[in-house]
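> coordinates only, sequence not included:
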């Protein structure tokens, strides 16, 4: 099995959470990112995790599966950013269909949708950790690039544009900037939420989702057993 998305959801969540716990593998601006010893230790843990479902797992296969997850996330992120940019209201904002999209939101400021950057062929390359992406300072970079690309070229030989055209360009820039600020606020709010979460919070949410899908009687029994199991675990009987 070469595609991580074919594994069960619980394993993928745990795999992503383990990856998130090692900023040395994904946070480019972190001092840990250039620490090879920390990276080697992190990859050893990632390999052991992947070997739970793939006995032949290697560092290379871990990188490929991470890149697969990030590639799907990057496509959805691009659609979200574009819908925030051009949509006229909240109903126009794209809702990601990727079920693990929210689990990867911690990568938002590490990803740039490719179509919003020019000359990528010369600038993009596979990073040492195997992820094929372009690090940026903030999620608003696509908007900043877009504003620059749309700005009219002016040379010393070009007559000055009419004031109405100049006013129109200023209005468009202001609207784009306002949309960018809105997106940044939403992304930051999401990131703040995930900063406060740990793997137990994620597991709790996953359990609650499963309970909602159970028949009422089965959900009631599960609610009874879960506290009992936790109580026995706290006593050291498990």
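Received the coordinates, thanks. Keep in mind that what you see is a predicted model, and the values were worked out from it rather than measured.

> now for the helix or strand containing residue 49, which elements pack on it?
Residue 49 belongs to helix 36-50 when elements are defined using DSSP states H and E. For helix 36-50, the packing partners by 3 or more Cβ pairs under 8 Å, 6 or more residues apart in numbering; DSSP states H and E come out as helix 9-20, helix 59-86. C-betas here are computed from N, CA, C, even on glycine.

> quick check: angle from that helix to helix 9-20?
With axes from the mean of the first three to the mean of the last three Cα atoms, to 10 degrees applied, the angle from helix 36-50 to helix 9-20 works out at 170 degrees.

> before we move on, back to that, relative to residue 225, which of the helices and strands packed on helix 36-50 is closest?
Proximity to residue 225 (Cβ to Cβ) singles out helix 9-20 among the helices and strands packed on helix 36-50, at 17.8 Å.

> buried stuff in that closest one?
Within helix 9-20, the residues that count as buried by 16 or more other Cβ atoms under 10 Å are 12-20.

> now do stretch 78-87
Neighbour-count burial for stretch 78-87 flags 78-81, 84-85 (criterion: 16+ other Cβ under 10 Å).

> adding distance to residue 71, write the buried residues of helix 9-20 out as a markdown table.
Below are those laid out as a markdown table (distance: Cβ to Cβ, whole Å):
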| residue | distance to residue 71 |
| --- | --- |
| 12 | 14 |
| 13 | 18 |
| 14 | 20 |
| 15 | 15 |
| 16 | 14 |
| 17 | 19 |
| 18 | 19 |
| 19 | 14 |
| 20 | 17 |
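
> how about the residues you listed, which pair is most distant?
Using Cβ to Cβ, the buried residues of helix 9-20 reach their maximum pairwise distance at 12 and 20, which is 12.5 Å.

> nearest residue to residue 35 in space, ignoring adjacent ones along the chain?
Excluding its sequence neighbours, the residue lying closest to residue 35 (Cβ to Cβ, 6 or more residues apart in numbering) is residue 24, at 5.8 Å.
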